[in-house]
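K.L.:
only geometry, no sequence info:
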């Protein structure tokens, strides 16, 4: 049967106390709805439809490049009403998997089992879970083991409130029955809403077989209504990422203090100290070591790279056996070859350091090309910006840049050249020569230091 995915994402999320719509709240640095859409993409659906409402313009703009259909639920009158507003986009044949934009961690495996249990148009499937404390959830009412109906907490009798099996809201239903049942829903209940769950009793009345599936873990079906629940599922998600990396061979000193906000691939014997954050896509080679409190974003690190504590790398390409930090910052466009050393409080932007180059400490290297084995002294800066344009600094191989030098771009320093400490270099320096550009020192005898009045 042809599969459609319908994601209900119209809720305001009042308890979030945020100007962002609930489905735009971030989990692992991307919106909740993005997690659900990423899962839906793996299900081979013919079409995916999002029911939107509060903050709809923001939601649609953010996902403008996604191949999805949109259905507006201008008034939130319940889950049944949410599906009703999308009915015109659902074909009469096939089946529809109904998901929720604020339930981000349901696994593809769980949903696949749910979908494949609907083998024809005379069956539907319901995802349920058994909780130690089911309070607040709709209960699954069975007779002789067969599902008969779902009763919401506010409408449940005392006996029904003792049922531990609850409805997750996630279900897979033949389209022909959605078109038949949804228009007949009534709102004569404690909430005055049109419940999607009422179709279960209608299915029983029509002789439709109701299958149930259960997730491997209860957190797969947990929804997010406030910032506390958001933080709780954030840690669940991050623990999963850490476990996947550890199974792949990574050493993670403390999985509770490790965050992946994107994707990462690793070689063998990669290690992470505490409070490491990985954003975007990072690719780490064999033997890479990441120190405490480091952040990597969209970086490629070759074999043997060591990143020491408190360093930030963004968009950097780093060669074999290079070491970085502590307290270093690599900005986009940085390319470090093999055996390069970038030390503490060194910032590199849009620059290439060739093999064996060293910048030990307290330097800014922007828009520069630094030759092999060159040494950059402490306090060196490339003056690359004149207030309107940026220019490049070129330093040849085996050059030695004295401490506290200002290299005023555009400027070229030749192979083997040396610049004296404290120099402001504004003219090209020939190879194998010494450049000194600083005021002549004067010693004034009898100098009287000013005194306070």
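P.N.:
Yep, it's here. Remember, predicted model here, so these are calculated numbers, not experimental data. Residues are numbered from 1 along each chain as shown.
K.L.:
and the residue nearest the centre of this protein?
P.N.:
In the chain, the residue lying closest to the centroid (Cα atoms, centre = their mean) is residue 261, at 3.2 Å.
K.L.:
distance from the chain centre to stretch 102-116, please.
P.N.:
In terms of Cα atoms, centre = their mean, to the nearest Å, the centre of stretch 102-116 is set 20 Å apart from its chain centre.
K.L.:
next: stretch 139-146.
P.N.:
That offset, for stretch 139-146, works out to 40 Å (Cα atoms, centre = their mean).
K.L.:
what comes into contact with that stretch?
P.N.:
Outside stretch 139-146, the residues that touch it by Cβ atoms under 8 Å, 6 or more residues apart in numbering are 126, 128, 147-151, 153, 156, 160-161, 163, 165-167, 210, 212. For the C-beta atoms, the positions are set from N, CA and C on the backbone; glycine is no exception.
K.L.:
change it to 10 Å
P.N.:
Identification of contacts with stretch 139-146 by Cβ atoms under 10 Å, 6 or more residues apart in numbering yields 126, 128-130, 134, 147-153, 155-157, 159-168, 197, 200-201, 204, 209-210, 212.
K.L.:
show only the entries of these found in helices.
P.N.:
Counting by DSSP state H, the members of the contacts of stretch 139-146 that fall within helices are 200, 201, 204.
K.L.:
one step back: now list the buried members of the contacts of stretch 139-146.
P.N.:
Applying 16 or more other Cβ atoms under 10 Å to these, the neighbour count classes 126, 128-129, 134, 147, 149-152, 156, 160, 163, 165-168, 197, 200-201, 204, 209-210, 212 as buried.
K.L.:
any idea what residue 281 is bridged to?
P.N.:
In this entry, residue 281 is beta-bridged to residue 263, by DSSP bridges.
K.L.:
any idea how many residues pack against it?
P.N.:
By the other Cβ atoms under 10 Å criterion, the neighbourhood of residue 281 contains 13 residues.
K.L.:
repeat that for residue 437.
P.N.:
Taking other Cβ under 10 Å as the criterion, the count of residues near residue 437 is 16.
K.L.:
for it, which three-state class applies?
P.N.:
Per DSSP: H, G, I helix; E, B strand; the rest coil, the local secondary structure of residue 437 is coil.
K.L.:
hang on, it packs against residue 413?
P.N.:
No: shown here, residue 437 and residue 413 do not form a contact pair, counting by Cβ atoms under 10 Å, at 11.9 Å.
K.L.:
secondary structure element for the residue nearest to the centre of the chain?
P.N.:
Assignment of secondary structure by DSSP states H and E places residue 261 within strand 258-266.
K.L.:
now do that strand: which elements does it pack against?
P.N.:
helix 227-247, strand 271-272, strand 276-284, strand 295-297 (3 or more Cβ pairs under 10 Å, 6 or more residues apart in numbering; DSSP states H and E).
K.L.:
now the ones in helices among the contacts of stretch 139-146 as CSV including pLDDT and distance to residue 382?
P.N.:
Rendered in CSV, the data for these read as follows (pLDDT from 0 to 100; distance: Cβ to Cβ, whole Å):
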residue, pLDDT, distance to residue 382
200, 95, 69
201, 93, 73
204, 95, 75
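K.L.:
could these be laid out in a markdown table, adding distance to residue 103?
P.N.:
Supplementary listing: these in a markdown table, determined by distance: Cβ to Cβ, whole Å:
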| residue | distance to residue 103 |
| --- | --- |
| 200 | 19 |
| 201 | 23 |
| 204 | 25 |
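K.L.:
which among the residues you listed gets closest to residue 90?
P.N.:
The shortest gap between residue 90 and any of the ones in helices among the contacts of stretch 139-146 belongs to residue 200, at 18.7 Å (Cβ to Cβ).
K.L.:
I'd like to know how far that closest one sits from residue 80.
P.N.:
When distance is defined by Cβ to Cβ, to the nearest Å, residue 200 is 11 Å away from residue 80.
K.L.:
so what sits against both of these two?
P.N.:
Common contacts of residue 200 and residue 80, defined by Cβ under 10 Å, 6+ apart, comprise residue 181.
K.L.:
can you map out the helices along the stretch 1-150 of the chain?
P.N.:
Taking DSSP state H, counting those that start in this stretch to define them, one finds helices in the stretch 1-150 of the chain at 32-41, 56-62, 79-84, 108-116.
K.L.:
avg pLDDT for stretch 63-73?
P.N.:
Mean pLDDT, taken over the full extent of stretch 63-73, equals 96.
K.L.:
chain center to it: distance?
P.N.:
The chain centroid and the centroid of stretch 63-73 are separated by 21 Å, computed with Cα atoms, centre = their mean.
K.L.:
from the rest of the structure, what touches that stretch?
P.N.:
For stretch 63-73, the external contacting residues (Cβ under 10 Å, 6+ apart) are 4-11, 23-24, 31, 33-34, 37, 40-41, 47-54, 56, 59-60, 79, 81-90.
K.L.:
just the buried members of these?
P.N.:
Burial by neighbour count, judged by 16+ other Cβ under 10 Å, picks out 4-11, 23-24, 31, 33-34, 37, 40, 47-54, 56, 59, 79, 81-86, 90 from the contacts of stretch 63-73.
K.L.:
give the contact list for the residue nearest to residue 273 when sequence neighbours are not counted.
P.N.:
With Cβ to Cβ, 6 or more residues apart in numbering as the criterion, residue 273 has its nearest non-adjacent residue at 4.1 Å, and that residue is residue 292. Counting by Cβ under 10 Å, 6+ apart, residue 292 makes contact with 253-254, 257, 272-276, 308-311, 326.
K.L.:
can you rerun that using 8 Å?
P.N.:
273, 274, 275, 276, 309, 310.
K.L.:
let me have those residues in a markdown table, extended by pLDDT.
P.N.:
Supplementary listing: the contacts of residue 292 in a markdown table, determined by pLDDT from 0 to 100:
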| residue | pLDDT |
| --- | --- |
| 273 | 98 |
| 274 | 98 |
| 275 | 98 |
| 276 | 98 |
| 309 | 98 |
| 310 | 98 |
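K.L.:
next, count neighbours for residue 434.
P.N.:
By the criterion of other Cβ under 10 Å, residue 434 has 13 neighbours.
K.L.:
so it sits right up against residue 420, yeah?
P.N.:
Yes: counting by Cβ atoms under 8 Å, residue 434 touches residue 420, with 6.7 Å between them.
K.L.:
now render the helices and strands packed on strand 258-266 as JSON lines, adding distance to residue 65.
P.N.:
Rendered in JSON lines, the data for the helices and strands packed on strand 258-266 read as follows (distance: least, Cβ to Cβ, whole Å):
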{"stretch": "helix 227-247", "distance to residue 65": "24"}
{"stretch": "strand 271-272", "distance to residue 65": "32"}
{"stretch": "strand 276-284", "distance to residue 65": "17"}
{"stretch": "strand 295-297", "distance to residue 65": "21"}
